[in-house]
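Engineer: Build me a model:
(chains A and B)
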Amino acid sequence: GESVGLHLPTLSVQEGDNSIINCAYSNSASDYFIWYKQESGKGPQFIIDIRSNMDKRQGQRVTVLLNKTVKHLSLQIAATQPGDSAVYFCAENLNDYKLSFGAGTTVTVRA
Amino acid sequence: SQTIHQWPATLVQPVGSPLSLECTVEGTSNPNLYWYRQAAGRGLQLLFYSVGIGQISSEVPQNLSASRPQDRQFILSSKKLLLSDSGFYLCACAAGTDYGYTFGSGTRLTVV
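Structural biologist: Numbers count the residues shown, from 1 in each chain, chains lettered A, B, ... in the order given. Model (predicted):
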């Protein structure tokens, strides 16, 4: 569910290393999941999505893994770059009208 | 693909003044529309959503209201702003949740 009142978890990663961002979702009936990236002062941008009939999907430098058994979603970023510094949100579809967003993780890339 | 126009980018308003934020959508018809608020360093809080003209669902009781006078226009309003209304307001649209949301660039509202 929403965690709008909480400070966001953080992840610090060395430039060039791989990043893994984790997310626990709430609804076992959710069948569609999305990762968003939000840079400071901007709206969230779509990164990658996955449907519940898959457990892995790859994009450019990003991979999303879905474990329905434990209701866990992860985003892997390969060879993290300074431009990857942002807040990352996972989202699950709750019903026909709404997505539910996770709390978000702030990723900081160290040079 | 969908494009969302949201304005203004920043806004400073005194307590007690009215508010009107507008969002328009291009590239799709009959979208679901959403207003979110984000406090600094916090997550996304859904305020309102709309599945059609004149249809508004409110997620949290508050000092704000929303309207959808046209298919691709979504307006967030307040008659009298409170200090607690400060935040980053985001409009989003979706052709359906199977396609995710497209977000606007947001409005940074500071109530003083």
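Engineer: for the nearest residue to A:D17 once chain neighbours are set aside, helix, strand, or coil?
Structural biologist: If the residues on either side of it in the chain are set aside, A:D17 comes closest to A:T80, at 5.7 Å by C-beta to C-beta, 6 or more residues apart in numbering or on different chains. (C-beta placed from N, C-alpha, C; glycine too.) Here A:T80 is coil, with the state taken from DSSP: H, G, I helix; E, B strand; the rest coil.
Engineer: State the number of residues packed around residue 94.
Structural biologist: Picked chain A for this. Using other C-beta atoms under 10 Å in any protein chain shown, A:L94 is surrounded by 16 other residues.
Engineer: my question was about chain B
Structural biologist: By other C-beta under 10 Å, 21 other residues sit near B:A94.
Engineer: Verify the contact between it and B:V25 for me.
Structural biologist: No. If you go by C-beta atoms under 8 Å, B:A94 and B:V25 don't touch, sitting 10.1 Å apart.
Engineer: Next, the buried residues of the helix or strand of chain A with the lowest mean pLDDT.
Structural biologist: Every helix and strand of chain A was ranked by mean pLDDT, DSSP states H and E. The lowest is strand A:99-101, at a mean of 85. Applying a neighbour-count criterion of 16 or more other C-beta atoms under 10 Å in any protein chain shown, the buried positions in strand A:99-101 are A:99-101.
Engineer: phi, psi of the residue in chain A that chain B sits nearest to?
Structural biologist: Closest approach between chain A and chain B, counting by C-beta to the nearest C-beta: A:G43, at 3.5 Å. Backbone torsions for A:G43, taken as degrees, to the nearest 10, come to phi -80, psi 160.
Engineer: That one: what's it in contact with?
Structural biologist: By C-beta atoms under 8 Å, 6 or more residues apart in numbering or on different chains, A:G43 lies in contact with B:4, B:6, B:90, B:92, B:103-106.
Engineer: Just the buried ones among these, please.
Structural biologist: By 16+ other C-beta under 10 Å, those give B:4, B:6, B:90, B:92, B:103-104, B:106 as buried.
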